[in-house]
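K.L.:
coords please:
(one chain, ligands or ions: 1)
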Amino acid sequence: MFDSHVAVWDDQPVTSDISPLTTDGHSSSGEHGRPALPASHPLSDGRTSDSALILAAEGRPVPHTPVWFMRQAGRSLPEYRALREGHTMLETCFNPDLTVEITLQPVRRHGVDAAIFFSDIVVPIKAIGIDVEIAPGVGPVIAEPFRTSKDVDRLRNLEPDDVAPVIAAVAALASELGSTPLIGFVGAPFTVASYLVEGRPSRDHVHTKALMLSDPTTWNRLLDRIASICGDFLSMQVQAGASAVQLFDSWAGALSARDYERSVLPHSRKVFDAVAQYETPRIHFGVGTSELLALMQSAGANVMGVDFRLPLSTAIKRLNHPTPLQGNLDPAALFADWHAVSESVLRVLGDAQGLPGHIFNLGHGVPPDTDPDVLTRVVDLVHRETAR
Ligand code: CP3
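P.N.:
Coordinates of the predicted model:
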């Protein structure tokens, strides 16, 4: 029953439940304000409010389909590898000059329609003093994994001073980027909890699920603490100048719908609730979450990220109500010959016809050994094919 809601791309605002549409159907941008944001915020003063990304996320008519790539800042770029030399990943995340430069690199090189803040999902955890490192080629490693109720007490509140250099980088980026929106992000409580409990990346999440099933009190306390920390961190990013946010629940696809709904969804909702007042687009993304899309949407997202397993035209039918979608080229397709790459890109654009809005992205992050020239060509192709 979503047909009556589906917008015409060119000249009609959507009527579905996508904030921030005001009662007259127009976005509440510019002088009409997003009251919770400072007047100097790029969405308030109009710098990013009419960018292709924000227009698409709000279901408004776009000049072209906006494109950005998850993990666009990173090892696929030689200029990133050069800058990272001699700095650990987390050192880099707390260094504003490096963070700003790395975030800008893919915007300059590829002409993408948004910057994603260069950081990591464990940054707020590190900021409150938890001993975590990012091991090259592995991912986050926690010195003392969280397994008991007492461990949860190690998660104190996040204070602005804990992340002052990180938030300074957000503010600097918002001014450097001009009309290009900055996307802020945090990890969702389940995905962050999985790292805390397992102590390192895990395929089967056995300790995490065991805690969830056997000690719901401790589990809920753990996820609630993470949700507070991540919600506060995301809110600070928005206040400092992020124009959209994405909640990464990368490993939620490991859960059944029942477990997700009972044990995870309320905590992800708490993170989105922390930023709902700002009326920025709220994107929710997970991997292998085809069966969870409607539940993930109900956490408070107004844009749904879709991985490469489901065509966008199928994904939209699985939602509670239609919203703009983000996705979903298979990252592996970037390694095919250009003819196949372009066919795959066109297939995604074809699947996106008739959506209330579309933000082109991959179905997961850019693989480290991707040829960056292919990414630039994909951006050009999407822009050319969708120019109107
Ligand atoms: O360009 C961007 O998307 C912004 C940067 C970004 C990073 N991590 C940088 C990074 C973002 C959005 C993240 C989020 C993140 N971190 C997620 C959610 C997104 C996803 O991919 O599912 C997760 C699960 C993590 C945890 C994490 N951090 C992993 C699994 C890894 C990979 C380990 C490796 O070396 O392969 C990291 C490290 C990491 N985060 C790198 C980057 C660029 C690589 C570190 C390096 O360059 O040495």
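
K.L.:
which positions in the stretch 51-200 of the chain make contact with the ligand?
P.N.:
Taking C-beta under 6 Å from any ligand atom, the part of the stretch 51-200 of the chain that reaches the ligand is made up of 70-75, 84, 89, 116, 118, 120-121, 134, 136-140, 185, 191. Where you see a C-beta, it was placed from the backbone N, CA and C, and this is true even at glycine.

K.L.:
from those, keep the buried residues only.
P.N.:
Restricting these to buried positions leaves 70-74, 84, 89, 116, 118, 120-121, 134, 139-140, 185, 191, with burial counted as 16 or more other C-beta atoms under 10 Å.

K.L.:
of those residues, closest to Val152?
P.N.:
Comparing these against Val152 with C-beta to C-beta picks out Thr191 as the nearest, at 17.1 Å.

K.L.:
surely that closest one touches Ile125?
P.N.:
No - counting by C-beta atoms under 8 Å, no contact exists between Thr191 and Ile125, whose distance comes to 11.7 Å.

K.L.:
residues of the stretch 251-388 of the chain that sit close to the ligand?
P.N.:
Along the stretch 251-388 of the chain, the residues adjacent to the ligand under the rule C-beta under 6 Å from any ligand atom are Gly365.

K.L.:
number of nearby residues for Ala336?
P.N.:
Neighbour count of Ala336, defined by other C-beta atoms under 10 Å: 14.

K.L.:
quick one: the strands in the stretch 151-300 of the chain?
P.N.:
Using DSSP state E, counting those that start in this stretch, the strands of the stretch 151-300 of the chain run over 182-187, 244-248, 282-285.

K.L.:
for Val238, see how far away the closest residue to Arg225 other than its chain neighbours is.
P.N.:
Closest residue to Arg225 in three dimensions, ignoring its sequence neighbours and counting by C-beta to C-beta, 6 or more residues apart in numbering: Leu155, at 4.0 Å. Noted for Leu155: a distance of 22 Å to Val238, by C-beta to C-beta, to the nearest Å.

K.L.:
who's more crowded, those two?
P.N.:
Neighbour totals were compared for Leu155 and Val238, and Val238 leads with 25 against 21 (other C-beta under 10 Å).

K.L.:
hang on, the more buried one packs against Gly184?
P.N.:
Yes - contact status for Val238 versus Gly184: in contact at 6.1 Å, counting by C-beta under 8 Å.

K.L.:
of the buried ones among the residues of the stretch 51-200 of the chain next to the ligand, which is the nearest to Ile316?
P.N.:
For these, the minimum distance to Ile316 (C-beta to C-beta) is 20.0 Å, reached by Met70.
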